[in-house]
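Peer 1: Predicted model and sequence below, questions to follow.
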Amino acid sequence: MFKKYAGSLSFFMRFIDMAVMAFSGLIAFWIRFGQASISSYYLNAFLIAALLTALIFPRFDIYSSHRLENLLSILRRVILAAITVMLSLLLVSVIVKTTIIFSRAWMLTWTITAIISLCALRLITYLILRWLRRYGLNQKHIVIIGAGQMAEHLIMRLQQDAWAGFNIKCCLVDETSLESRSDIQGTPIKTMPKNLDAFIQTETIDEVWIALPLKNDDKIQAILDALRHNTVNIRLIPELNYAKLLNHSIINLWGISIINLRTSMMTGADYLLKWIEDKIFSAGIIILISPLLFIIALAIKFTSKGPILFKQKRHGWDGRIFTMYKFRTMKLHQEQIGQVTQATKHDSRLTSIGAFLRRTSLDELPQFLNVLKGDMSVVGPRPHAVVHNEQYKELILGYMQRHRMKPGLTGWAQVNGYRGETDTLDKMEKRVEYDLYYIENWSLWLDIKIIFMTLWKGFVNQNAY
């Protein structure tokens, strides 16, 4: 349960830090002046400090997972971040010419109070998480592929540092490498399952650590191929303690180099930024277009039998299935089990108003509700029907990596001409290519660019039907 809400804990810690920073200023005010009456200048300073905390703290990697990091390293970053916030506040005060109003002793007291409070908060959180992990809670379940010296060293260190919260379920080896021993210090050694993907899902594994020599690149590639439909984190742990690679994500655990081959893209400050973008934009749009939504709903209800909304299961972030909403544009009909027929030009199944809604993309408007719920994003790879995913993931390399980010109402592929029916494999391959480019190069400015390109090209599109 704790692991399930780990991301939420990191998210709420941001707001706690903002509150602690502002409240520290209030405490410092009482310490310095000993009175309850506070002028608006000081109240504005508290608010600005809280906003600066939200902007600056993620830049110091405050909210990432610190399972294997020592406490002093964590506190050092917190102290540097707090000092940066206070210096930034001082700079803002200079710009708006309010420094003469504020007491320097108060600013210094505020800085010290904030540092003590934030460090105390981190210490308490650190100790609680260590205690939970030591007793088997908030665990990351790991499978190590390989049973050599590197795997043995990892298991030994993880057993010594149980507080880190890594639970090694087993070591997997192929039959030719199966050793006479059945375990490594209590961790079972098992034969590599024929269906590795199913094994990972059945055993609820969070991460796969590949502890094989780099010369076994064929085996490493085979593992990646076997897990191409799975969104589990995969890490390579080679004998690479002397090397420094460029443009690769490498972390260091106990002096062991670990290369991140495939991990989640949206973390930390990026996740928060996109979350804010989605919530503000979708809420604003829903309020703005609510009269239009009502008119379309009435038109659908009075022109054809059936529900107003069309609901369909789609794959979302990390491959999780969600229900996507659209305005219903087709007459009621029954699809064969396991089949979803894409809409085509002059499709006979379309209702009288349905063709117009599709051509103008107005049928997509209810998906702002999906964004508000958190299932989708304003910008991202368009979600495909589950049946189509099952079909194309076998045909297109890296297809399921589109789900490393929340699906969107519009995307980089769509504004570059790849929307509507994908009646050939080439079209779908190009769409996936654009989607993966977007994921690898995401930024707030790219999202803004895509939104403006969507508006500039207009709602009417020749490929929308």
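Peer 2: That came through fine.

Peer 1: what number of residues lie near the closest residue to Thr323 other than its chain neighbours?
Peer 2: Sequence neighbours aside, Lys311 is the residue nearest to Thr323 in space, at 5.2 Å (criterion: C-beta to C-beta, 6 or more residues apart in numbering). Placement of C-beta: from N, CA and C, glycine included. Number of residues near Lys311 (other C-beta atoms under 10 Å) recorded here: 12.

Peer 1: go on, Asn441?
Peer 2: Per other C-beta under 10 Å, the neighbour tally for Asn441 reads 9.

Peer 1: on that earlier part again, tell me what the residue nearest to Thr323 is bridged to.
Peer 2: Tyr325 (DSSP bridges).

Peer 1: From what I see, it and Met324 are in contact.
Peer 2: Yes: if you go by C-beta atoms under 8 Å, Lys311 and Met324 touch, sitting 7.1 Å apart.

Peer 1: got the domain boundaries for this protein?
Peer 2: Annotated domains of the chain cover 6-134, 140-262, 268-457 [automatic domain parsing].

Peer 1: any idea of the mean pLDDT for the second one?
Peer 2: Okay, so that is domain 140-262. In this model, domain 140-262 carries a mean pLDDT of 79.

Peer 1: Run through the neighbouring helices and strands of the helix or strand harbouring Trp110.
Peer 2: For Trp110, the host element (DSSP states H and E) is helix 104-134. Helices and strands touching helix 104-134, as assessed by 3 or more C-beta pairs under 8 Å, 6 or more residues apart in numbering; DSSP states H and E, comprise helix 6-33, helix 71-95.

Peer 1: Let me have the ones you listed in JSON lines, extended by mean neighbour count and mean pLDDT.
Peer 2: Formatted as JSON lines, those follow (neighbours: other C-beta atoms under 10 Å; pLDDT from 0 to 100):
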{"stretch": "helix 6-33", "mean neighbour count": "17", "mean pLDDT": "84"}
{"stretch": "helix 71-95", "mean neighbour count": "16", "mean pLDDT": "86"}
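
Peer 1: Tell me the spacing between the residue most central in space within the chain and Trp317.
Peer 2: Nearest residue to the geometric centre of the chain (C-alpha atoms, centre = their mean): Met266, 3.5 Å. Applying C-beta to C-beta, to the nearest Å, the value for Met266 to Trp317 is 8 Å.

Peer 1: quick revisit: show me the contacts for the residue nearest to Thr323.
Peer 2: Going by C-beta atoms under 8 Å, 6 or more residues apart in numbering, Lys311 touches Thr323, Met324, Tyr325, Lys326.

Peer 1: Just the buried residues of those residues.
Peer 2: The neighbour-count test (16 or more other C-beta atoms under 10 Å) applied to the contacts of Lys311 identifies Met324, Tyr325, Lys326 as buried.

Peer 1: and which of those is nearest to Thr303?
Peer 2: Among those, Lys326 lies closest to Thr303 (C-beta to C-beta), at 16.1 Å.

Peer 1: before we move on, back to that, does the residue nearest to the centre of the chain count as helix, strand or coil?
Peer 2: Classification of Met266 by DSSP: H, G, I helix; E, B strand; the rest coil places it in coil.

Peer 1: when you give positions from now on, start the count at 140
Peer 2: Okay, residue one is now 140; in that scheme the one you just asked about reads as Met405.

Peer 1: I'd guessed it sits against Met544; true?
Peer 2: Yes: under the criterion of C-beta under 8 Å, Met405 makes contact with Met544 at 6.0 Å.

Peer 1: Need the residues touching each of those two.
Peer 2: Trp581.

Peer 1: next helix or strand past the helix holding Trp249?
Peer 2: Following helix 243-273 toward the C-terminus (DSSP H and E): strand 279-284.

Peer 1: Buried residues, the following helix or strand past that next one. List them.
Peer 2: Per DSSP H and E, the first helix or strand lying C-terminal to strand 279-284 is helix 288-299. For helix 288-299, burial by neighbour count (16+ other C-beta under 10 Å) applies to Met289, Ala290, Glu291, His292, Leu293, Ile294, Arg296, Leu297.

Peer 1: what's the answer for stretch 340-347, then?
Peer 2: By neighbour count on 16+ other C-beta under 10 Å, the buried set for stretch 340-347 is Ile344, Asp345, Glu346, Val347.

Peer 1: quick one: it to chain centroid distance?
Peer 2: Mean C-alpha position of stretch 340-347 versus that of the full chain (C-alpha atoms, centre = their mean, to the nearest Å) differs by 18 Å.

Peer 1: Likewise for stretch 159-169?
Peer 2: Mean-position distance between stretch 159-169 and its chain equals 33 Å (C-alpha atoms, centre = their mean).

Peer 1: what about Cys309, helix or strand, and which?
Peer 2: strand 305-312.

Peer 1: Tell me the strands beside that strand, with direction?
Peer 2: Here strand 305-312 is paired, per DSSP bridges, with strand 279-284 (parallel), strand 326-330 (parallel).

Peer 1: Looking at the ones you listed, which is nearest to Ile339?
Peer 2: Closest to Ile339 of the strands paired with strand 305-312, according to C-beta to C-beta: strand 279-284, at 7.1 Å.

Peer 1: For that closest one, give me every contacting residue.
Peer 2: For strand 279-284, the surrounding residues in contact (C-beta under 8 Å, 6+ apart) are 142, 206, 290, 293-294, 304-312, 326, 331, 339, 342-351, 362.

Peer 1: Check stretch 247-260 too.
Peer 2: Applying C-beta under 8 Å, 6+ apart, the external contacts of stretch 247-260 come out as 155-156, 159-160, 162-164, 166-168, 170-171, 214, 217-218, 221-222, 224-225.

Peer 1: One more pass at 7 Å, please.
Peer 2: 155-156, 159-160, 163-164, 166-167, 170-171, 214, 217-218, 221-222, 225 (C-beta atoms under 7 Å, 6 or more residues apart in numbering).
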